[in-house]
Every structure is written in structure tokens, then in C-alpha cells.
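J.: when you get a sec, could you give me coordinates for this:
(chains A and B, ligands or ions: 2)
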Amino acid sequence: MNTDVIITKNISKTYGTGDIKVHALRHTNINIKRGDYIAIIGPSGSGKSTFMNLIGCLDKPSSGKLFIDGTDVSQLNENQLATIRREKIGFIFQKYNLIPTLNALENVSLSTSFAGVKNKDRLKRAEKLLGMVDLSKRMLHKPSEMSGGEQQRVAIARALSNDPSIILADEPTGNVDTKSGNRIMGILEDINNKGETVIIVTHDPNIAKRAKRILKIQDGVVSEENA
Amino acid sequence: MLKDNFNLAYKNIRERMSRSILTLLGIAIGIMAIISLMGLGEGMNQAVTGELSSLSDTIIVSVGQGLDIGSIFSGGGLDETNGEYLTERDIADVKRIQGIKKVSTQLSGGGILRYNSLDVAASLTGMDVNVMHISYGIEDLESGSLLEIGDQNKCLIGYSVAHEYFDSDIAVGSRIKINGEKNVVNGIFSQYGTGGIGSTDDLVLITSRDFKKITGQSNITSATIQVYDVTNVESIADEIEQVINENHGEDDFVSATTMSSILESIQNIIGIMQMMLVAIASIALVVASIGIMNTMLTSVMERTREIGIMKAIGATNKDVMLIFIIEGMLLSIVGGIFGILLGVFGSQGITGLLTAGPMAGGGGGMSLTPIISIGSIGLAVGVSLVVGVLSSLYPAWKAARMSPIEAVRYE
Ligand SMILES: Nc1ncnc2c1ncn2[C@@H]1O[C@H](COP(=O)(O)OP(=O)(O)O)[C@@H](O)[C@H]1O
Ligand SMILES: [Mg+2]
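T.: Residues are numbered from 1 along each chain as shown, chains lettered A, B, ... in the order given. Ligands and ions are numbered 1, 2, ... in the order given. Below you'll find the predicted structure:
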């Protein structure tokens, strides 16, 4: 039990109130082991992002319990959730979501600044991570001066900057070409090989096949897809 | 952390340069108004204090309600009483009071001036020479000079007397006859203009000795008294009032006013004026702070996604608030610094306008230099800090309330 980094107990997410309710996620019970590499597949609108946002503590489940690293996060307030996001989660978005006014180095070191890490240490770590994603030469460039693939690699470095327990990537290759996509997947797999838990949402069956475990979502219902 | 916030704030301000400059300008104008108006008030205060504090040992005794502040501003002249005068006995009694150094009287009465064989009726004023020097300065004259001790048969005349009473202008050195006595014009007052209390335009000023000799009268309208010890000046003034009122059997026949009490009430008035000016300037600041609030609110709306991202990667509500408050503060402080610089120069400009413009007459001979103290600069910095923080509180709060879901919406 204590090896499971994520445990969901009957969690559901319902959007909207009154007559028009969307049951985006229904009564889900899933355990995810530390160091696992999981692909989430399913048609558009099936609830994949909803699931990711709940695990990433960006949103709260409407019912049920969610344990991240042993903590029941369904009971936490906004600031406590922020702390969980900062310490345990590294989120990679489909549209990179870098801060446009900051350069790559500043973007990567921003979340550690919220964590109160000393300036020197932060920048050192950000430089190292940007080196890891092969962007040492683009450190002082702003997002607008980089390609989509490069921006996504900056976003990966940012997700790693707080040394999180879980890396969540919601369609990380959705906005880049195949070559960049492969490169991004390569980096994520490297990260997983180093022991990090990685969860990605993807439409690409080839990408999904490389994962250790595949979860399929259909109409808000999560099921195991056996290889 | 803080360094990062400043960095972020700076970059956002730069990103929206023209809007930032306009916002900044609002604050700058408000601060400029405060700085320059406070500087002017302080300058006014010091000019008056400088002019009057040298007279702190002086008491002015006059029949009726006494000196008002208007007459002090205009040079200390006193005006007609209702036919009631101080008597020689009053003066003799006052002289007996302990601590009095010197008593000088001012006399007044009618007389006939003759120039170029033309006669004109005028009112004459007799003053001891030292009182003349207290009441007027060389800067009040358009030509000539004040009388000196020992001068006889010399007079000072007002602008209208010199230029309007007779067919031809009277110049310094001209001879006129006062009640048939030959007199030389020693000085001519500059045009006073606004008329009313304290005007010098119709003045014919001679020494007290000449006044008695020429008119045969000694109608004392007021007396100027100097004391030895400035600390006693108020109690001596009270005693003088008591003695003279007793002589005339009236409760308030006479009033004895000290320069320090006049100075105090002038300073009070200037203080109130200063506060009013600052209050008016504060309106500019309120407008400016609404400007900051507006700019910050727009910025929050535009950066909805950015705020979501920051929260998604672990920023707490407090972190987000701080980012926006620092941005507002930075705008306001930079605006404030510009405002201080503008205020220092602006107040010189306002002074120029005042001394050249229609209000110049009220200033008399006083020179007005704005004084900008470290205190008012400190206040300006403090005010812009507070304005920056206060006006960004609400936008920052709105920003902090945003959900991290904003980062992933519309994907
Ligand atoms: N904030 C929201 N408000 C209302 N409905 C939403 C919201 N977010 C998602 N949904 C709905 O929930 C369902 C699942 O959405 P999502 O998790 O984004 O699907 P996926 O990522 O698999 O495409 C969809 O029907 C979607 O329209
Ligand atoms: Mg989605």
C-alpha cells in the first residue's frame, strides 16, 4: 500500500449544477505504483483531462477520496493543495504554458521560487535541467523565440524543477511534429527510467504501447487496457 | 522570491510600456502637486516668519479692534479711527510699565498740500523714524529713500499723491508745502494698487515731530512699543490694554497686539491653507490610484492564464497577491519619484506664476521661495508606496482567487 503513489477511492467529477450536469469521471478506483509509466487513452471528451487535473490537484473531486503520496488531498484547502502541487506534482501541458515574459531559465526556476529555494541553488538546478533537455544554448530565450518542441522541453524541465513524485503530461506531443514528439517521449522515458512516476495522456497508439500500463477512459469510466 | 517578484513585475511593466507610462504619469502628477504645494506653503511660512520674527519684541497699540492680518501682510499701516485717539496721558502711563524699552507713536490728521500753486486736501501721518523702518522698507518705494533719524521737513508720499493729485507728477527732491510748511519729497511709494486697508497710495508721511509742528495737534492713532524681554511681551501687552482702558473707562477702548501673536495666527492660517492645498492635491492622487487599480485589473484579466499556470506549478494565493502588489507598488514608486522631480521644478514654476500674476499684489514685498524639505519628499515616497499597495490590493485579490484550472482551460 505505501508503494502506491496515487490511490483513488471511488472518485467522481461532475461539472455544472442543476439540470445540465456533465459526469466527466465516474466512481473511479485506481492504484498507481511508484515508478510506474502509464498511458491514458480514450476518445476526445471522455474525461482524460479531468482525471489528470484531479490527480494533479488542479481541481477537487466532487466525491470520493484521492491519496497522493499517502496524503488525502480531497480534504485540503486551496493553499495546502498549492503546496502539494509544488512539492509532489510536475505538470506538463499540451500547450506548454510557459510565462511569456520570462526566459527559459526564469520559467524553469519560477516554481522553485515559490518553494523558497535560494536564488543560487535554483538557477543552478534550472541550468542543469535545461542541459538535460538539450537547451543549454537557449536558456536566455523567451518562449516566443522558441519552437513548439523546444518550449515543451522547457516545460518538462520546469516540471522536474521541484523534484516531484509524479510527472503528469496531458497530450505533451499534441502540438508538436512527429520528430519533436519522439524526442519529448524519449526524455519522459528517461525520466521514468530514473525511477520517476510518469503518467501521459495520448491519442497515439504507438506512444501508448511503450508504456508499462495503459488505462482507457470511456464516458468517464476508467478501465484497464490489457496489452 | 522577492527578487523574482520584482523581476516579474518589471518585465510585465515593460511589456505594457505605454499603458504603464500613462499610469505612472497619473501618480507623478499627484505627487508633483503635493510636493510643490507643500513646498510653496513652507516657503510662505518661512517668508512670513522671517519677516515678522525680528519684530517679536514689538507691541502695537491701537484704538479699536487692533491690527488685522491683512494690514500686516500689506506692510503694517493703520487706518482711520472713529475720531477717537490715544492721549498723551495714555502714553505717559504706558511708559511707566516695567520692562518697556521704547514707545513710539503714530499720529494722523488732515492737512493741505500745495504744489505748483495748487492746493489739495490730504490726510497726514506722523511716525517716529524707527516705526517707519518697521512698517516700510526700501522695497516699498518706487524711488527715493525712507527718512532717517534727525531728518526735518522731509516727507514720503504715496503713488497717487505723486502722480494723480496734481497737474504734474511730483518727483523725489521736489518741494511741496504741507499746511504752508516747506517740505522736500524724500521718497515715493510704489503703486499699491488694490486699495483698501493698508494702502500707501494716499499716504503723506512725515516725522512725528514735524507732524506736531505742522498741525499743532497730536492725535495719536497708534503706538509702537518695544520691550526688553521678549518672554514678557504677552503680559506687558495685557497690562498696556488694562492701563489705557482704565484711562478711558471702557472695557475695550484699545487693543495691544504682539507680533508673536500675529505671527502665530498667520502661521495657523498658512497651516490650514497648506492642508487645504494638500487635500486638493490628494484628489489627483485618488484619481491616480484609480488609474493604477484599473491598469492592474486589466493586467489581471489579460494574465488569467499566466496566473493559472503559476498556481498550477505551486504558487499559493499569497504568492500571487504579492506578485501583483509588487507590480502596483513599483509603478507607484517610479511614478512618485518622477513626481518628486517634477514637483521640485514645478514649484519654481508656480512661484513664477504667482509673483508675475494677478495675485502678486497680495504678496506685498515678500519674496516667495518654495522650500522642499526632506520630510515632504519622505512623505511623497511614503504616500506613493501606500497608494501603490492600496490600489493593487483589490486586483491582487482577484488574481489570487483565480483557479489553477485556468491554466488548462481552452486546450
Ligand atoms: N469546466 C468544465 N465545465 C463543464 N464541463 C466540462 C468542463 N471541463 C470538461 N467538461 C466536460 O467534461 C467532459 C470531459 O472533458 P475532458 O476531461 O476535458 O475530456 P478529454 O480530456 O478526454 O478530452 C467533456 O464532456 C467536457 O465537455
Ligand atoms: Mg483533454
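J.: now the residue most central in space within chain A: which helix or strand?
T.: Nearest to the geometric centre of chain A sits residue A:168, at 1.7 Å (Cα atoms, centre = their mean). Using DSSP states H and E, residue A:168 sits in strand A:166-170.
J.: after that strand, next one along is what?
T.: Next along from strand A:166-170, by DSSP H and E: helix A:178-193.
J.: quick one, the helix or strand following that following helix and strand A:166-170 angle?
T.: Downstream of helix A:178-193, the next assigned helix or strand under DSSP H and E is strand A:197-201. Using axes from the mean of the first three to the mean of the last three Cα atoms, to 10 degrees, the direction of strand A:197-201 lies 10 degrees away from that of strand A:166-170.
J.: tell me where the model's unsure across the chain.
T.: As the question left the chain open, I've gone with chain A. Chain A contains residues with pLDDT under 70 at A:1-2, A:227.
J.: should've been chain B
T.: Using pLDDT under 70, chain B drops low at B:1, B:65-83, B:193-198, B:354-367, B:410-411.
J.: domain map for it?
T.: For chain B, automatic domain parsing gives the domain ranges B:2-51+B:267-409, B:58-228.
J.: out of these, which is closest to ligand 1?
T.: For ligand 1, the closest of the domains of chain B is domain B:2-51+B:267-409, at 6.9 Å, according to Cβ to the nearest ligand atom. Just so you know, the C-beta spots here come from the backbone N, C-alpha and C atoms, and that holds for glycine as well.
J.: gap between that closest one and the chain center?
T.: Domain B:2-51+B:267-409 sits 26 Å away from the centroid of its parent chain (Cα atoms, centre = their mean, to the nearest Å).
J.: for it, measure first residue to last.
T.: Domain B:2-51+B:267-409 has an end-to-end distance of 29 Å (Cα to Cα, to the nearest Å).
J.: likewise stretch A:172-182?
T.: Span of stretch A:172-182 from end to end, Cα to Cα: 11 Å.
J.: what does that stretch rub up against?
T.: Residues outside stretch A:172-182 that contact it (Cβ atoms under 8 Å, 6 or more residues apart in numbering or on different chains): A:92-96, A:147-149, A:152, A:155-156, A:184-185, A:188, A:200, A:202-204, A:207.
J.: same check on stretch A:99-111?
T.: So stretch A:99-111 is contacted by A:86, A:98, A:122-123, A:125-127, A:129-130, A:135, A:138-144, A:146, A:154, A:157-158, A:161-162, B:4, B:7-8, B:11-12, B:15, B:306, B:309-310, B:313-315 (Cβ under 8 Å, 6+ apart).
J.: quick one: end-to-end distance for stretch B:244-256.
T.: Per Cα to Cα, stretch B:244-256 runs 10 Å from first to last residue.
J.: can you list the buried residues in that stretch?
T.: For stretch B:244-256, a neighbour-count test (16 or more other Cβ atoms under 10 Å in any protein chain shown) marks B:244, B:245, B:247, B:248, B:253, B:254, B:255, B:256 as buried.
J.: who's in contact with the spatially closest residue to the fifth one that is not a sequence neighbour?
T.: In space, and not counting its chain neighbours, residue B:253 is closest to residue B:245: 5.1 Å by Cβ to Cβ, 6 or more residues apart in numbering or on different chains. By Cβ under 8 Å, 6+ apart, the contact list for residue B:245 reads B:251, B:252, B:253, B:254.
J.: I'd say the last one and residue B:246 touch.
T.: No: proximity of residue B:254 to residue B:246 does not meet the contact threshold set by Cβ atoms under 8 Å, at 10.2 Å.
J.: using CSV, lay out the domains of chain B together with distance to ligand 1 and mean neighbour count.
T.: CSV is the format used below for the domains of chain B (distance: least, Cβ to the nearest ligand atom, whole Å; neighbours: other Cβ atoms under 10 Å in any protein chain shown):
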stretch, distance to ligand 1, mean neighbour count
domain B:2-51+B:267-409, 7, 19
domain B:58-228, 71, 18
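J.: using CSV, please lay out those domains together with distance to residue A:192.
T.: Below are the domains of chain B laid out as CSV (distance: least, Cβ to Cβ, whole Å):
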stretch, distance to residue A:192
domain B:2-51+B:267-409, 20
domain B:58-228, 87
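J.: and residue A:77, how many neighbours?
T.: 7 (other Cβ atoms under 10 Å in any protein chain shown).
J.: list the contacts for it?
T.: Applying Cβ under 8 Å, 6+ apart, no residues qualify as near residue A:77.
J.: can you give me the helices for the stretch 251-400 of chain B?
T.: B:259-302, B:304-312, B:317-356, B:374-400 (DSSP state H, counting those that start in this stretch).
J.: scratch that, the stretch 1-150 of chain B
T.: Counting by DSSP H, counting those that start in this stretch, the helices of the stretch 1-150 of chain B are B:2-15, B:17-53, B:69-73, B:88-95, B:129-135.
J.: closest to chain A out of those helices?
T.: Across the helices of the stretch 1-150 of chain B, the minimum distance to chain A, taken as Cβ to the nearest Cβ, is reached by helix B:2-15, at 4.1 Å.
J.: and the residue of chain A found nearest chain B, how many neighbours does it have?
T.: Closest residue of chain A to chain B, Cβ to the nearest Cβ: residue A:86 (2.6 Å). Neighbourhood size, residue A:86 [other Cβ under 10 Å]: 23.
J.: and residue A:217, by the same measure?
T.: For residue A:217, using other Cβ under 10 Å, the count is 24.
J.: wait, it sits on residue A:48?
T.: Yes: counting by Cβ under 8 Å, residue A:217 touches residue A:48, with 5.3 Å between them.
J.: which neighbours do these two have in common?
T.: Joint contacts of residue A:217 and residue A:48 (Cβ under 8 Å, 6+ apart) are A:40, A:41, A:42.
J.: among those, which ones lie close to ligand 1?
T.: residue A:42 (Cβ under 6 Å from any ligand atom).
J.: looking at the shared contacts of residue A:217 and residue A:48, spot the one nearest residue B:149.
T.: Taking Cβ to Cβ as the measure, residue B:149 lies nearest residue A:40 of these, at 108.5 Å.
J.: my reading is that that closest one lies in a strand. Confirm?
T.: Yes: assessed with DSSP: H, G, I helix; E, B strand; the rest coil, residue A:40 lies in a strand.
J.: mind listing what it touches?
T.: Contacts were defined as Cβ under 8 Å, 6+ apart; by that measure residue A:40 touches A:48, A:51, A:52, A:199, A:200, A:201, A:202, A:214, A:215, A:216, A:217.
J.: for the residue of the stretch 301-411 of chain B found nearest chain A, list the residues it contacts.
T.: As assessed by Cβ to the nearest Cβ, chain A sits closest to residue B:314 within the stretch 301-411 of chain B, at 2.6 Å. Counting by Cβ under 8 Å, 6+ apart, residue B:314 makes contact with A:82, A:83, A:85, A:86, A:87, A:111, A:114, A:115, A:162.
J.: not counting sequence-adjacent ones, nearest residue to it?
T.: residue A:86 (2.6 Å).
J.: all strands of chain A, in order?
T.: Using DSSP state E, the strands assigned to chain A run over residues A:4-15, A:22-33, A:37-41, A:63-68, A:71-72, A:89-92, A:166-170, A:197-201, A:213-218, A:221-225.
J.: so the second one, near chain B or not?
T.: No: for strand A:22-33 and chain B, the contact criterion (Cβ under 8 Å from any Cβ of the partner chain) is not met; the two come no nearer than 12.4 Å.
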